[in-house]
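Q: Return a 3D structure for these sequence lines:
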Amino acid sequence: MSDEAAGIPGGAVAAAGPEAGDAAGPAPLGVVRTPTGHAGVDAYLARLADADHLEADGHLEVYEDVHRGLREALDALDAPPLPGPYENRS
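A: Okay, here's the model as predicted:
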């Protein structure tokens, strides 16, 4: 397919990635993570930054870990409160 057929004006070069021979590694996406005020959730959101320095095939482990941690935080919200030491009176 010619450049013009691909929607690239004659003589223009498509910016499809690093130049041949450029050994650029993983680069952060620059996604802003706004703190939630919940320390546990914020720690898992901060863990997402670990994926910034990994190749794409390493992202899955980080995402699964964060998903598991956030799921546990949500499940804890649904758990009934435990009785305090003096609330278990007969």
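
Q: in the longest helix seen in the chain, what counts as buried?
A: Ranked by residue count under DSSP state H, the longest helix found in the chain is helix 59-78. Residues of helix 59-78 classed as buried: 62, 66, 69 (neighbour count, 16 or more other C-beta atoms under 10 Å). The way it works is simple: take the backbone N, C-alpha and C, and place the C-beta from them, glycine included.

Q: if we take the residues you listed, which one ends up nearest to residue 51?
A: Proximity to residue 51 was ranked across those by C-beta to C-beta; first place goes to residue 62, at 4.3 Å.

Q: Verify the contact between that closest one and residue 47 for me.
A: Yes. The criterion here is C-beta atoms under 8 Å, and residue 62 meets it with residue 47 at 6.5 Å.

Q: so who does residue 26 touch?
A: 52, 53, 54, 55, 56 (C-beta atoms under 8 Å, 6 or more residues apart in numbering).
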